[in-house]
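Engineer: Got a predicted structure plus its sequence, pasted below:
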Amino acid sequence: MAVAVPRRMLFIDGEWREPVLKKRIPVVNPSTEELIGDIPAATAEDVELAVDAARRALSRNKGKDWARASGSVRAGYMRAIAARIRERKSQFAKLEVMDCGKPYDEATWDMDDVAGCFEYYADLAEGLDAKQKAPISLPMESFKSYVLKEPIGVVGLISPWNYPLLMATWKVAPALAAGCAAILKPSELASLYV
């Protein structure tokens, strides 16, 4: 069942990088108590970099690249993520087994749920397009009112250790579907690939 544990870094501003203070946290396989790798220990400096990068990304091209992109454009990316997860399901499940100690079959089912979650929110993202500028009935005909659904911006997300990728997906997928940028802080107890 062993799978190589890749060296993990922080993903900030479209690239993988070491944490500013170069600190790392050891990762222990809970079923064997073997040290299997380490993960970056992000600090406030890294969070500042991530938030600044996320804000720039949302405003790039006047927001047309993500925040103001249509739901169908965002859905396309989310479906591509789901497809990649399905392609690498076995590898992700093995990492999850090593990372949080759950049975392989359960970890495999979780990967199906992760892909399904991205697909579910991709459908909702597409549905947002039809709801944009929906008229609101007002008692005065001289006034017009419409609903405009907009992303709130950069969101901070924290996920627990027990379903690392699935619970991270429960947070990231709806944020992406809405057009937000996400800063994810996974549990330091299970963070091999989140």
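Structural biologist: Yep, it's here. Residues are numbered from 1 along each chain as shown.

Engineer: Now for Ala53: which residues touch it?
Structural biologist: Ile12, Asp13, Gly14 (Cβ atoms under 8 Å, 6 or more residues apart in numbering). From N, CA and C alone the C-beta is placed, and that goes for glycine too.

Engineer: Distance-wise, check Ile85 relative to Val28.
Structural biologist: Distance from Ile85 to Val28, counting by Cβ to Cβ, to the nearest Å: 25 Å.

Engineer: So which of these two has more stuff around it?
Structural biologist: Using other Cβ atoms under 10 Å, the more surrounded residue of Ile85 and Val28 is Ile85, with 21 against 16.

Engineer: Show me what the helix or strand harbouring that one is packed against.
Structural biologist: If you go by DSSP states H and E, Ile85 is part of helix 71-87. Packed against helix 71-87 by the contact rule (3 or more Cβ pairs under 8 Å, 6 or more residues apart in numbering; DSSP states H and E) you find helix 104-131, helix 164-177.

Engineer: Give me the residues contacting the helix or strand following the first one.
Structural biologist: In the C-terminal direction, the helix or strand that comes right after helix 104-131 (DSSP H and E) is strand 134-135. Contacting residues not belonging to strand 134-135 are listed as Lys144, Ser145, Tyr146, Val147 [Cβ under 8 Å, 6+ apart].

Engineer: which of the residues you listed sit farthest apart?
Structural biologist: The span of the contacts of strand 134-135, defined through Cβ to Cβ, is set by Lys144 and Val147 at 11.8 Å.
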